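Participant: From the sequence below, what's the structure:
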Amino acid sequence: MVSHETLSPVASAFLAGTGNGRSTRTLRRGEIVFSQGDPAESVYFIERGGVKLSTLSSRGKEAVIGILGEGDFFGEGCLAGQSLRLGTASTVGHSSIVAMKKHAMLEMLRDDPSLADLFMTHLLRRNVKFEEDLVDQLFNSSEKRLARMLLLLANFGSAGETTPVIAKLSQQTLAEMVGTTRSRVSFFMNKFRKLGFVEYRAGLDGLHVHPSLLNVVLND
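Facilitator: Purely as a prediction, here's the structure:
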């Protein structure tokens, strides 16, 4: 479980909230937090584990919007008037998810302006990341997109050291995130492994990413 001392002020306040409206669920890998089309009634925080955000087209094609990890919020669309979920949120590992009802979250943000500023900053930073993902999708090769995604999942650059990628993240999920096929992801992962950029066993379990993978992103 995440130590509250290591969390941002907004996350700590979210977890320390009292009264009606807050609940915690422990979920196994692949369980649904909410589905596309469900009523949007709560904001969520990942206390432990990770969550995949995806959306399904009218033709049944799934697109992965992003993978979120410990300390991230999601489902905040309800605060802006979103009545139904535009996508599905499912766990990518054993996870602890905290939910705060819309009315309770709005009260907390209204009563503490500094908390509202911190929460807004958190959302803006995440939106910047999503914009960078879109630019990456439009202009970079699938190999570079995969390398960048692995570096992001390993938190490269955030604290000077890489960490294991979220456990049991499948190559199919990576392919959906990168916008390519599973066979291409498998080809590039084997290439990265042979070059010493990554180490992994049994698929992607326990994958470790080395900073040297950045060379793939920087080189033309």
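Participant: Ramachandran angles for the nearest residue to E199 once chain neighbours are set aside?
Facilitator: Distance criterion Cβ to Cβ, 6 or more residues apart in numbering; nearest residue to E199, sequence neighbours excluded, is H208 at 4.7 Å. From N, CA and C alone the C-beta is placed, and that goes for glycine too. With angles defined as degrees, to the nearest 10, H208 sits at phi -120, psi 140.
Participant: swap in the one 5 residues further on?
Facilitator: Here is the backbone geometry of L213 (degrees, to the nearest 10): phi -60, psi -20.
Participant: so it touches G196, yeah?
Facilitator: No. Taking Cβ atoms under 8 Å as the definition, L213 is not a contact partner of G196, at 9.4 Å.
Participant: quick one, which of those two is more surrounded?
Facilitator: Just comparing L213 and G196: by other Cβ atoms under 10 Å the higher neighbour count belongs to L213, 21 against 10.
Participant: list the contacts for that one?
Facilitator: Counting by Cβ atoms under 8 Å, 6 or more residues apart in numbering, L213 touches 147, 150-151, 156, 192, 197-198.
Participant: tell me which element the residue sitting nearest the centre point of the chain is part of?
Facilitator: Centroid check for the chain by Cα atoms, centre = their mean gives L68 as the closest residue, at 1.3 Å. Using DSSP states H and E, L68 maps to strand 62-69.
Participant: Helix or strand next in line after that strand, which one?
Facilitator: Next helix or strand after strand 62-69 toward the C-terminus (DSSP H and E): strand 73-74.
Participant: Next, the buried residues of the strand or helix carrying D136.
Facilitator: Assigning secondary structure by DSSP H and E places D136 in helix 113-139. Of the residues in helix 113-139, 115, 118-119, 122, 126, 133, 136 count as buried by neighbour count, 16 or more other Cβ atoms under 10 Å.
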